[in-house]
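Novice: Mind folding the following:
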Amino acid sequence: MLKLSRYLFVLSSTFLLAIYMPIVSSADTKNIIANEKYGKKEGSLEFLSGELTTPSSKNEEDILYQYIDSQKHIFHLGDHSAKDSFRILKKENDIDGTTVIRLQQMYQGLPVWGSTQVAHITNEGVLTILSGAVASHLDDTLPVLQQNVSFQQAIEIVNKHLHSSAQYVAPPTSELVIYRKGQKPYYAYHVHAAVLSPKPISYDYFIDPNTGNILDQLDVSHALQHETNIQGSPATGTGKDSFGNIRTLQLLKEKDQYQFVDMTRGQGIYTYDAENQGTEADTSLLPGVLVTNQTNEFLSTTSRAAVDAHVFAGTVYDYYKKVHKRNSYDNSGAKIVSTVRFGQQYENAFWSPELRQMVYGDGDESTRSFTASIDVVGHEITHAVTDSTSKLLYQDESGALNEALSDIFGTLVEYYQGEHSNYLIGEDLFIQPDKAVRSLSDPTQYGDPDHYSKRYTGEDQSKFVHTNSGIVNKAAYLLAEGGQHFDTQVIGIGKEKMGDIFYRANTKYFTASTTFSQAKASCIQSAADLYGADAAEVQSIKQAFDAVGIE
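Specialist: Numbering: from 1, shown residues only. This is a model prediction of the structure:
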């Protein structure tokens, strides 16, 4: 979500832009930069790199677990073994032969909310990277679990807090987790509640199982799922976009109907129309009505938002496929589903990580449809990429980093398209010229900080993530274009390389709770992977983050 004066924009996942670059060496350690980063808040280790182990023929899990067990004094796991303290979420092979393992920290069988890690092990069996802070000293700091409140009672507490008028997308769910508020850990029920009306919004609640108190309420975004089996044969057509330009459309023809279904990309791009319903509608109205016509020409004003969404979603898909070899946001060809004209004068757009679709409002008298700006569509789909990879939490610095990534790659998608490209976000939404949502080149132009010393430190999480994203946005701009910022001179490396580095960092190094400092270390190592440890690009990364005060 983005904020500009009175406008709130939930701009989520977008495909990252960059020229696809080969890794410079094959699964060896010569480009691993020895680094040891500790978080400012808790002082815990959040990024460790180097030749952490010697070559081994053991399987990757054993190499990783044995290393963690040998370093218990660093991770402060008490008497708990590595196998008991971490669950493997995913294993994948990097293009250089390295095995990338994603972990979830556990405590007595319960997940530690937001505590995920990434490990890299070479094909010689050397552990080289361990990224992601570990919640430590849990034996000493957790309160006794009494569980006076049941799972169902936790859901009822949330129902009461949201009021009886709330209409759910799906029934709320509840699970017991370890949740850290500040530096203090709690047992907590995590209750997820996705609400459609009176306005679409999604919350993660954390309820104390001993007292029933609400420990935290986090605002996250949701969407709706498309399961319809649509048949037909591929066809092409034309349509007018929000500016009256004629666009070529990839369609599906079934009998005498042309449908907004593009089967030339992955498992398809589907575009629906909510017909300005949804503010107080029930969930059965979503994803809405598939956009269709008896001819292959879509020229009416009511179809312009759909033309934007359909064409731009295809461009975002193409960007990720061509530049990063990524097949849709999940890298498995997932459907890209959009609903346009949601609600009446709805000034927003959002991506649902659970139900996997984009929803766009029409805006009001001062804005166009929220599909009119390709960087907004790119921003939303990039949130989907992040949800499929690093899963950055939408709070604190990880949430600001999440927003910044979507801004960065929304911008790169706009440059990939090549029409009126710039470093502004959402400028095509506004009828009045010279307005935008945010700026990467000058975040202060729209009230966002351009240096860590100017960051927002208040309690409003929505403001925190949308405002502080400007710090990373500025670093990305400096990395691409170069320039002097405060007292630091940055040598630019170009937009393509900047995109390559951030894409690799997000997909291979970032974890759920990545801080700005950890992001810097991850980008440095990503640059070393791509261009070599001694490359000029590595120095430019350091300069760009230094320039915005990120240590």
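Novice: And the pLDDT at residue 225?
Specialist: pLDDT recorded at residue 225 is 31.
Novice: Also residue 37?
Specialist: Model confidence at residue 37, given as pLDDT, is 86.
Novice: does it have beta-bridge partners, and which?
Specialist: In this structure, residue 37 has the following beta-bridge partners (DSSP bridges): residue 47.
Novice: What strand or helix carries the residue lying closest to residue 173 once chain neighbours are set aside?
Specialist: Computed as Cβ to Cβ, 6 or more residues apart in numbering, the closest residue to residue 173 that is not its neighbour in sequence is residue 192, at 5.2 Å. All C-beta atoms are positioned from the backbone trio N, CA, C, and that covers glycine. Element membership for residue 192, per DSSP states H and E: strand 184-197.
Novice: quick one: that strand to chain centroid distance?
Specialist: 19 Å (Cα atoms, centre = their mean, to the nearest Å).
Novice: Is the residue nearest to residue 173 in contact with residue 203, as I believe?
Specialist: Yes: with contacts defined as Cβ atoms under 8 Å, residue 192 counts as touching residue 203 at a distance of 7.5 Å.
Novice: mean confidence score for the strand holding residue 192?
Specialist: Averaging pLDDT along strand 184-197 yields 88.
Novice: how close does the residue nearest to residue 208 when sequence neighbours are not counted sit to residue 111?
Specialist: Excluding its sequence neighbours, the residue lying closest to residue 208 (Cβ to Cβ, 6+ apart) is residue 215, at 5.5 Å. Look at residue 215 and residue 111: by Cβ to Cβ, to the nearest Å, they are 16 Å apart.
Novice: Give the next helix or strand downstream of the strand holding residue 192.
Specialist: On the C-terminal side of strand 184-197, the nearest following helix or strand under DSSP H and E is strand 201-207.
Novice: Sheet partners, orientation included, of that following strand?
Specialist: Those paired with strand 201-207 in the sheet (DSSP bridges) are strand 184-197 (antiparallel), strand 214-220 (antiparallel).
Novice: Quick check: end-to-end length of stretch 105-115?
Specialist: According to Cα to Cα, to the nearest Å, stretch 105-115 extends 6 Å from its N-terminal end residue to its C-terminal end residue.
Novice: Same question for stretch 487-501.
Specialist: With Cα to Cα as the measure, the ends of stretch 487-501 fall 24 Å from one another.
Novice: thinking again about what came up before, spit out the contact partners of the residue nearest to residue 173.
Specialist: The neighbourhood of residue 192, defined by Cβ atoms under 8 Å, 6 or more residues apart in numbering, consists of 172, 173, 174, 202, 203, 204, 205, 354.
Novice: Kindly report the same for residue 190.
Specialist: Taking Cβ under 8 Å, 6+ apart, one finds 113, 174, 175, 176, 177, 179, 204, 205, 206 in contact with residue 190.
Novice: Could you say which of the strands paired with strand 201-207 is packed most deeply?
Specialist: By mean neighbour count, with neighbours taken as mean count of other Cβ atoms under 10 Å, strand 184-197 ranks first of the strands paired with strand 201-207 at a mean of 21.
Novice: Just to check, residue 252 is in contact with residue 270?
Specialist: No: between residue 252 and residue 270 no contact is recorded; they are 9.3 Å apart, counting by Cβ under 8 Å.
Novice: For the two, list the residues in contact with both.
Specialist: With contacts defined as Cβ under 8 Å, 6+ apart, the residues adjacent to both residue 252 and residue 270 are 230, 261.
Novice: Could you check which of those two is surrounded by more residues?
Specialist: Set side by side, residue 252 and residue 270 give different neighbour counts by other Cβ atoms under 10 Å, the larger being at residue 270 (26 against 21).
Novice: chain center to the helix or strand that contains residue 323: distance?
Specialist: Secondary structure from DSSP H and E places residue 323 in helix 304-324. Taking Cα atoms, centre = their mean, one finds the center of helix 304-324 at 18 Å from the center of the full chain.
Novice: What residues of it count as buried?
Specialist: By neighbour count on 16 or more other Cβ atoms under 10 Å, the buried set for helix 304-324 is 304-321, 323-324.
Novice: again with stretch 537-550
Specialist: Buried residues in stretch 537-550 (16+ other Cβ under 10 Å): 537, 538, 540, 541, 543, 544, 545, 546, 547, 548, 549, 550.
Novice: and that stretch, how far from the chain's centre?
Specialist: Relative to its chain's centre, stretch 537-550 lies at 22 Å (Cα atoms, centre = their mean).
Novice: Rounded mean pLDDT for that stretch, please.
Specialist: Per-residue pLDDT values across stretch 537-550 average out to 99.
Novice: Residues touching it, excluding its own?
Specialist: Contacts of stretch 537-550 with the rest of the structure, by Cβ under 8 Å, 6+ apart, involve 33, 450-453, 471-472, 474-476, 478-479, 482, 484-486, 488-493, 497, 501, 516-517, 519-520, 523-524, 527-528, 530-532.
Novice: rerun that using 7 Å as the cut-off
Specialist: Residues from elsewhere that reach stretch 537-550, judged by Cβ atoms under 7 Å, 6 or more residues apart in numbering: 450-453, 471, 474-475, 478-479, 485-486, 488-491, 493, 497, 501, 516-517, 520, 523-524, 527-528, 531.
Novice: and the gap between residue 218 and residue 134?
Specialist: As defined by Cβ to Cβ, residue 218 lies at a distance of 22 Å from residue 134.
Novice: How about residue 475?
Specialist: The spacing between residue 475 and residue 134, counted by Cβ to Cβ, is 26 Å.
Novice: Pull up the pairing partners for the host helix or strand of residue 103, direction included.
Specialist: Taking DSSP H and E as the criterion, the element that holds residue 103 is strand 99-107. Counting by DSSP bridges, the strands paired with strand 99-107 are strand 86-93 (antiparallel), strand 110-121 (antiparallel).
Novice: what residue ranges in the stretch 251-400 of the chain score low on pLDDT?
Specialist: Low-confidence segments of the stretch 251-400 of the chain, defined by pLDDT under 70, span residues 278-286, 353-355.
Novice: the helices in it, which residues?
Specialist: With DSSP state H, counting those that start in this stretch applied, the stretch 251-400 of the chain shows helices at 304-324, 374-388, 396-417, listed in chain order.
Novice: Nearest approach to residue 144 belongs to which of these?
Specialist: Closest approach to residue 144 among those (Cβ to Cβ): helix 396-417, 27.4 Å.
Novice: Tell me which residues are up against the following helix or strand past the closest one.
Specialist: Tracing the chain C-terminally past helix 396-417 and defining elements by DSSP H and E, one meets strand 424-425 next. If you take Cβ under 7 Å, 6+ apart as the criterion, strand 424-425 is touched by 2, 375, 407, 410, 411, 436, 437, 438, 439.
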